[in-house]
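**Student:** turn this into a structure:
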Amino acid sequence: MLKRFRKPAVSAAGSGDQPVSGAEIDSDQGHRLRAPSTLHAFNRYEIKYLVDASEAAGLREEIEQRLDRDRHSGDQGYGIWSVYYDTRQLRFYWEKIEGLKFRRKLRVRHYGDRFSVADDTPVFVEIKQRVNRVTQKRRVRLPYRDALRLCDGRQMVEHEPSQRAFLEEVLDLLLRLDLRAVAMTGYQRHAYMGRDADVGLRVTFDHRIRGRDRDFHLGADTENRLIVPARKSIVEVKANERVPYWLTDLTAKRNLQVVRVSKYCQSVEAHGLAPRSIFHVPDHDLDPDLDPGRDRSTALSEA
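**Tutor:** Numbers count the residues shown, from 1 in each chain. Okay, the predicted model is just below:
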């Protein structure tokens, strides 16, 4: 299991940050996700594995025999870019490191080629939180200019009535905790979705995981640092209720070990914003994002 440096003598007591109204997600929300809406929510269990790229390739071949490829994946997968917001003291980072039972983070996320991002490009403003073992994610789709106005300008933007409570929660976090952009992550993803008895199951393979600690505009033409070694991939299993036996047998057969790894935390550590864990890449290991086969579509897919 991945072990990290733990910040000494940190307590959430007296922070003033309590779960806000609407943080609880009811049991029928998964059904409502199937209806068109500009406000989406996900409520599920997540399990992560860190595997060698060669092992990931073989695992993908077996996964494809049981699951359907995400329609946005194609042969090359698709890009995911996220800007994370945190306090000056990196509160959300330390909550993750300390494994608090209730924790959350705020981010702006884009699917597709970041070099194509413009003011009117659709992005997602998301709150991802952990309640005990369950991961909950709520998000709203906005034009990029409005996402920046909301998260950087801290101003309410035009919205539909159903979005208001969520946008007010985002503004409350930004203003009360004085949040600001801290780190960015990006990676290429191949995703697979369950069918028949496995509906609700999702397995993702993320590679070329990189990030930066400045120039946070999604479309900025700037260099990124690999935050996970290039030879490694993060495989994530996401399930609404349970992981099917065939998949647990498959991971056991390949001797895959569950890890606690956060791409946001890796970016924070890789750029010296917090003490590094034992898991990091050399300082010279940079990735300039010069892939000749970049997919320039704006695939809007479930994370």
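
**Student:** from the chain's centre, how far out does the helix or strand that residue 204 is a member of sit?
**Tutor:** Per DSSP states H and E, residue 204 falls inside strand 202-212. Centroid displacement of strand 202-212 relative to its chain, using Cα atoms, centre = their mean, to the nearest Å, is 9 Å.

**Student:** show me what it packs onto, helices and strands only.
**Tutor:** With contacts taken as 3 or more Cβ pairs under 8 Å, 6 or more residues apart in numbering; DSSP states H and E, strand 202-212 sits against helix 53-63, strand 180-193, strand 224-226, strand 232-239, helix 263-270. C-beta: built from backbone N, CA, C; applies to glycine.

**Student:** deepest-packed of these, please.
**Tutor:** Burial of those is given as mean neighbour count (mean count of other Cβ atoms under 10 Å); helix 263-270 ranks first at a mean of 25.

**Student:** chain center to that helix: distance?
**Tutor:** So, by Cα atoms, centre = their mean, the centroid of helix 263-270 is 12 Å from its chain's centroid.

**Student:** may I have it as PDB, with CA atoms only?
**Tutor:** What follows is helix 263-270, C-alpha atoms only, in PDB (Å, rounded to 0.1, in the frame of the first residue of the first chain):
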ATOM      1  CA  LYS A 263      -3.700  12.700  -8.600                       C
ATOM      2  CA  TYR A 264      -4.200  16.000  -6.900                       C
ATOM      3  CA  CYS A 265      -2.000  15.000  -4.000                       C
ATOM      4  CA  GLN A 266       0.700  13.700  -6.400                       C
ATOM      5  CA  SER A 267       0.700  17.100  -8.200                       C
ATOM      6  CA  VAL A 268       1.000  19.000  -4.900                       C
ATOM      7  CA  GLU A 269       3.900  16.900  -3.800                       C
ATOM      8  CA  ALA A 270       5.600  16.800  -7.200                       C
END
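
**Student:** who's in contact with it?
**Tutor:** Helix 263-270 has contacts (Cβ atoms under 8 Å, 6 or more residues apart in numbering) with 4, 82, 84, 90, 92-93, 96-97, 105, 107, 182-185, 187, 206, 209, 211-213, 225-228, 234, 274-277, 279-281.

**Student:** need the nearest residue in space to residue 143, chain neighbours excluded.
**Tutor:** residue 120 (4.9 Å; Cβ to Cβ, 6 or more residues apart in numbering).

**Student:** swap in residue 48?
**Tutor:** Nearest residue to residue 48, sequence neighbours excluded (Cβ to Cβ, 6+ apart): residue 236, at 5.0 Å.

**Student:** any idea what the one you found is bridged to?
**Tutor:** residue 48, residue 204 (DSSP bridges).

**Student:** verify the stated contact: residue 171 with residue 153.
**Tutor:** No: counting by Cβ atoms under 8 Å, residue 171 stays clear of residue 153, with 10.4 Å between them.

**Student:** looking at these two, which has the bigger crowd around it?
**Tutor:** residue 171 (16 against 13; other Cβ atoms under 10 Å).

**Student:** list the buried residues for the helix or strand hosting that one?
**Tutor:** Under DSSP H and E, the secondary-structure element containing residue 171 is helix 164-176. Of the residues in helix 164-176, 166-167, 169-171, 173-174 count as buried by neighbour count, 16 or more other Cβ atoms under 10 Å.
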